[in-house]
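Chemist: Got a sequence here, can you model it:
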Amino acid sequence: MSRILYRLIATLARFAVRSGRSKDLEIIVLRHQLGILRRQIDRPEIDDDDRTLLGAIAAALPRPRRTGWIVNPDTLLRWHRRRITRHWTQPSRGPGRPPTSTEIRQLVLRLATENPTWGYRRIHGERTGLGHHIAGSTVWQLLRTNAVDPAPGRSDITWSQFLHSQAAVACDFFTVDTALLHRYYVLFFIHVPTRQVFFAGATANPTGTWTTQAARNLFLQHADQLNGSRALVRDRGSQFVDTFDEIFRTEGFKILKTPVRTPVANAFAERWIGSIRRELLDRTIIWNQRQLERIVVEYVDHYNEHRPHRSLDQRPPLAVSYNAHPTQLQVVKSTRCDGLINEYRHAA
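Modeler: Numbering: from 1, shown residues only. Prediction:
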């Protein structure tokens, strides 16, 4: 049957060519090819040039003659309406105020950051003095959009900012239990602005006399590092007697006592205790006071000289200059605290 159908179609095609109807035959072939392509492609991609050509021809053809196209008549009509709309639509600015430039937004946020006591009215006045005429409500909206309180309530100084401004020194005890269940108390001081830690000693009986002598030793050994400090933060432990406080008052310190059972008020010291426990003490067993003092001193040296700190731009408190872009990546490892702490440096 296929061969008979093929011969019949071939004969009709020859008659059409001989009678001058080859164009109609070509149209039949093109329509068949179009049907094949439509079976393979669900939705062809059409650009503006294609829409222009098809729309212009469709406008001249009657509606019944548009059947079989890759687009239906409704699509052609939609293109035509869109073309008319685009022709007659005039460019206009959207509703509302014009957008604020990036430079103005950055300057408003800069003024708010550098001057925490300024409200949006004060910032608006400063901008006017600089020659930038924007509404006060615009300044208010910019601050709110960037999660900055427009009111001067954001001027409240936090506890952390206050301690930094005072160059405060915090101190505290932490306990360590040995393998033989003997408990030792370790006293340390931390300089809040630089995060430098000073080891004051370890004892099994932290009396007021012992802490007073530890305070004297602190100024004998580290007076230069504490120069300029104005406050001491401590809890209300009975070990901190009046003579202990008097040594710091003599050096020009104010004594800031934390509220009862409020470790968050001495957060810098508590955070350091957590660091030494996680990185050292929880990973080993302490046998005696001599071993405890030795590894704590080594950890303090590591903390001050090598351990990076996020608040110090990933540098240690006693940072030394180093090559930020070394020519070679040969790194050597050294250990501290009986191999529990690793340090890495570039090879010499």
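
Chemist: Spell out which residues make up each domain of the chain.
Modeler: 1-42, 46-84, 102-155, 162-322 (automatic domain parsing).

Chemist: To Val331, which of these lies closest?
Modeler: Closest of these to Val331 is domain 162-322, at 12.4 Å (criterion: CB to CB). The C-beta positions use only the backbone N, C-alpha and C, and glycine is treated the same way.

Chemist: Averaged pLDDT, that closest one. What do you get?
Modeler: Per-residue pLDDT over domain 162-322 has a mean of 92.

Chemist: Mind putting the domains of the chain into JSON lines with distance to Gln90?
Modeler: Below are the domains of the chain laid out as JSON lines (distance: least, CB to CB, whole Å):
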{"stretch": "domain 1-42", "distance to Gln90": "37"}
{"stretch": "domain 46-84", "distance to Gln90": "14"}
{"stretch": "domain 102-155", "distance to Gln90": "28"}
{"stretch": "domain 162-322", "distance to Gln90": "55"}
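
Chemist: Now mean neighbour count too, for the ones you listed, in TSV please.
Modeler: As requested, these are exported to TSV (neighbours: other CB atoms under 10 Å):
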stretch	mean neighbour count
domain 1-42	10
domain 46-84	13
domain 102-155	15
domain 162-322	16
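
Chemist: Quick check: which of the ones you listed is nearest to Lys333?
Modeler: Of the domains of the chain, nearest to Lys333 by CB to CB is domain 162-322, at 11.9 Å.

Chemist: Setting the sequence-adjacent residues aside, check what's closest to Thr258.
Modeler: Leaving aside its sequence neighbours, Thr258 sits nearest to Ala265 (CB to CB, 6 or more residues apart in numbering; 3.7 Å).

Chemist: how much space between that neighbour and Val176?
Modeler: Distance from Ala265 to Val176, counting by CB to CB, to the nearest Å: 23 Å.

Chemist: Gln291 now?
Modeler: For Gln291, the distance to Val176 - CB to CB - is 10 Å.

Chemist: The residue nearest to Thr258: what secondary structure?
Modeler: helix (DSSP: H, G, I helix; E, B strand; the rest coil).

Chemist: just checking, it touches Pro259?
Modeler: Yes: between Ala265 and Pro259 there is a contact under CB atoms under 8 Å: 5.9 Å.

Chemist: What helix or strand is Val197 located in?
Modeler: strand 196-203 (DSSP states H and E).

Chemist: Toward the C-terminus, what is the element adjacent to that strand?
Modeler: Sequence-wise, the next helix or strand beyond strand 196-203 is helix 208-222, with elements assigned using DSSP H and E.

Chemist: Tell me what angle that following helix forms with strand 196-203.
Modeler: Helix 208-222 and strand 196-203 meet at an angle of 140 degrees, taking axes from the mean of the first three to the mean of the last three CA atoms, to 10 degrees as the criterion.
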